[in-house]
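A.B. asks: This is a predicted model, with the sequence first.
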Amino acid sequence: MEIDRRAFIASLGGTAAVAAMDSEAKADALEHYMEEQLNDQVAQQGGQPEKFPTVAEIEAQIETRNVRRGAGSLFASGRGNVKKLQPMPKNATLLDFFKLRFDPANHVLQSATRAMKTGMSEEIILACLCHDVVLNLIKPDHGWWGAQLFEPYVPEKTTFAIRYHQTLRFYPDPEAGYEYPDQYYRIFGTDYTPPPHIEATYKMLKNHKWYMEPRLVTVNDLYAFDPNAKVSIEPFMDIVGRHFKQPKEGLGMDNSPSAHMWRTIANPDSPL
Ligand SMILES: [Fe+2]
Ligand SMILES: [Fe+2]
């Protein structure tokens, strides 16, 4: 796709605004811009809907890549070479991880912002803030990995919401305000059906007293892709302070069941 450089820079607020962004934020902004352009082009084509791939077409792409699709974004940027990471401080906090390893974290911040604006519980706002950050480490089964990463530090309902939002994203619930996302036709294929463990999990969740906890994460997830949204972690620091049990030794150093996961996120360049 051809990019009009001047229009792109203007959409970000001009050259000064672009100069203040780090390379990852710029790459992210470019991706969003291209998505918007693509949508505009589709609209210009007489409203013809985007043609989504099939499962077989997606599978055929596997051997065109030099990295597996499930590698976390700290390991495979998907946009050329990875960049050198700043070292983590001693006694690293959740905020340090957000600033140094999860940045720009735009998607989860937008999701948590929406949850806050719509008056959801603090457990859900925290779940929205944390629900996808494990994608920096690994992508398949990210609900389960993410819940495990946070479980020692957050309320049980927050862990439950993180673990199962991945399952509920495959199942629409229009009454709750959640439709099956186009994004899933794009990344899984139009004829995709969830594997048996996801279907079994959905059956369990349907009758669970906490069904709405992960459901509300999916409701906020759907609307969390606005390229123009200005978000930051600061409005959530009070909720993090109240509900996130920050270990005094620092995340990764407290010998919790998920400490090794935090260390791996801190040091993804370690060879062993
Ligand atoms: Fe997710
Ligand atoms: Fe998400």
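C.D. replies: Okay, I see it. Residues are numbered from 1 along each chain as shown. Ligands and ions are numbered 1, 2, ... in the order given.

A.B. asks: Ends of stretch 117-135, what's the gap?
C.D. replies: 25 Å (Cα to Cα, to the nearest Å).

A.B. asks: Report the buried residues of that stretch.
C.D. replies: 120-135 (16 or more other Cβ atoms under 10 Å). The C-beta positions use only the backbone N, C-alpha and C, and glycine is treated the same way.

A.B. asks: what about it and ligand 2, touching?
C.D. replies: Yes: using Cβ under 5 Å from the ion, stretch 117-135 reaches ligand 2 at residue 132.

A.B. asks: Any idea how far apart the tips of stretch 67-81 sit?
C.D. replies: 12 Å.

A.B. asks: Kindly report the same for stretch 85-103.
C.D. replies: 11 Å.

A.B. asks: Return the closest of the buried residues of stretch 117-135 with respect to ligand 2.
C.D. replies: residue 132 (4.2 Å; Cβ to the ion).

A.B. asks: Can you give me the pLDDT of that closest one?
C.D. replies: On the pLDDT scale, residue 132 is placed at 97.

A.B. asks: repeat for residue 195
C.D. replies: For residue 195, pLDDT reads 97.

A.B. asks: Residue 118 now?
C.D. replies: 94.

A.B. asks: How much space separates it from residue 128?
C.D. replies: Here residue 118 is placed at a distance of 10 Å from residue 128 (Cβ to Cβ, to the nearest Å).

A.B. asks: Mutual contacts of the two, please.
C.D. replies: residue 220 (Cβ atoms under 8 Å, 6 or more residues apart in numbering).

A.B. asks: Now intersect the buried residues of stretch 117-135 with the strands, please.
C.D. replies: Residues of these located in strands (DSSP state E): none.

A.B. asks: Can you tell me which of the residues you listed is closest to residue 220?
C.D. replies: Ranked by distance to residue 220 (Cβ to Cβ), the buried residues of stretch 117-135 are led by residue 128 at 5.0 Å.

A.B. asks: For that closest one, list the residues it contacts.
C.D. replies: By Cβ under 8 Å, 6+ apart, the neighbours of residue 128 are 108, 111, 112, 114, 115, 120, 217, 220, 221, 224.
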